[in-house]
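1. Just need the structure, nothing else, for what follows:
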Amino acid sequence: MKIPFKLLRLIKKNKSFLIVSHINPDGDSTGSCIALALGLKKLGKHVYILSRDPVLDVLKFLPCSDLINNKTPSMDFDVLLLLDCDTLERAGFSGRSRKHLKAGVTAVIDHHQTYEKNKSYVSWSCPGASATGELIYKLLKALHVPIDKKIAINLYTAIFMDTGGFRFSNTNIETLMIASKLIKAGANTWEITKEVYDNISLSSIKLLTQALLTLEKKGRIAWIIVTRKMFKNTNTSAQDTENFADHPRRIKGVEVGVFLREEGKTSYKVSLRSKGAVNVADVAKTFGGGGHASAAGCKLNGTLREVKGKILKAVRKAVSKK
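-> This next block holds a predicted model:
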């Protein structure tokens, strides 16, 4: 997990940074972006955080969450930093929108399992890290940036959410050691836990109720579905489905949980969760997606029946090998 010298040199010698993360930003991507921006500002750098999608309501408690912008900047930057993803396509910028992101050099800081590497990027990819928040902590320490309370809250939340509250298999000794240092720096564990897990809207609970009515299980696979009609009935959106994918996996005897979310008339977001025996990132990869061994996702086009058939066939094949 050693920080590449090229990345450290890139940050030290340049003055302006555009930080971009993946579409539908989660706690890790949001907290990591804010923490890095705050750290770079302490070094006297000019920083702009760009996100195609808005900050989740549940994450608006994060200090300086208003630093995240949805408007593409007009200026040129020295460095484009991709956080928690490794391509601009994953960040939701391609074609014309990609051309508006102007930077001399692109660097990647990510902890996902990647399959294709852009050799023109300066890359720090560590699948062994529990969260990108871990990498940002190490980077800021290497740059001798003091970890203040605002940075600590953002990084603790990033790690906390990507480890499922330190429940998932990606939690290790180093994860807990870093978390303890962030607590010492000012992150209040109970306050963050309340904001993340005990601040869910009533409409989101109603959406979950409808989703659980679709629950099916076959062998070691279980799945639930959310349709656009459900969103309309409960006055909710994709933001309200945070952690929905975890529910099918929780069932006794289930190895892989699947969550299908309708995004368009013939398009679905698929989230996969494994208890560890099956590498769902490999499954997602076959459909152009990716992620972690125990948590991954992809997008599929087709009718619900077609998409469900394709993804369950692939998951059954992966499960049968274990």
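
2. Do me a favour and get the end-to-end distance for stretch 56-63?
-> 14 Å (CA to CA, to the nearest Å).

3. Go through the helix or strand hosting L155 and flag the buried ones.
-> Assessed by DSSP states H and E, L155 sits inside helix 149-162. Under the neighbour-count criterion of 16 or more other CB atoms under 10 Å, helix 149-162 has 150-162 buried. No exception for glycine: its C-beta is placed from N, CA and C like everyone else's.

4. and that helix, how far from the chain's centre?
-> Centroid separation for helix 149-162 versus its chain: 13 Å, with CA atoms, centre = their mean, to the nearest Å.

5. following it, which helix or strand comes up?
-> With DSSP H and E, the next secondary element past helix 149-162 is helix 173-184.

6. average pLDDT for that next one?
-> Taken as a whole, helix 173-184 has a mean pLDDT of 98.

7. between it and helix 149-162, how big is the angle?
-> Interaxial angle, helix 173-184 versus helix 149-162 (axes from the mean of the first three to the mean of the last three CA atoms, to 10 degrees): 140 degrees.

8. any residues touching helix 173-184, and which ones?
-> 130-131, 134, 137, 147, 152, 155-156, 159-160, 163, 166, 189 (CB atoms under 8 Å, 6 or more residues apart in numbering).

9. Can you give me the end-to-end span of stretch 162-176?
-> Termini of stretch 162-176 sit 13 Å apart (CA to CA).

10. list the buried ones in that stretch?
-> D162, T163, G164, F168, N170, T171, T175.

11. any chance of the residues you listed in TSV, plus distance to N233?
-> Shown next, in TSV, are those (distance: CB to CB, whole Å):
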residue	distance to N233
D162	31
T163	33
G164	28
F168	32
N170	35
T171	37
T175	39
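
12. ok, those vs V55, which is closest?
-> Checking the buried residues of stretch 162-176 against V55 with CB to CB, the nearest one is D162 at 16.2 Å.

13. per-residue pLDDT, the closest one?
-> Value listed for D162 in the pLDDT field: 93.

14. I'd guessed it sits against S130; true?
-> Yes - counting by CB atoms under 8 Å, D162 sits close enough to S130 to count as a contact (6.2 Å).

15. Could I get the contacting residues of the nearest residue to R52 once chain neighbours are set aside?
-> Distances taken as CB to CB, 6 or more residues apart in numbering put G92 closest to R52, at 3.5 Å, once the chain neighbours are dropped. Taking CB under 8 Å, 6+ apart, we find G92 in contact with H22, I23, R52, D53.

16. Likewise for I3?
-> I3 touches W124, K138, L139, A142, counting by CB under 8 Å, 6+ apart.

17. Recalculate using a threshold of 6 Å.
-> A142 (CB atoms under 6 Å, 6 or more residues apart in numbering).

18. any idea how far it lies from S74?
-> Using CB to CB, to the nearest Å, I3 is found at 32 Å from S74.

19. and Y268, what element?
-> Assigned by DSSP H and E, Y268 belongs to strand 267-274.

20. in that strand, what counts as buried?
-> Y268, K269, V270, S271, L272, R273, S274.
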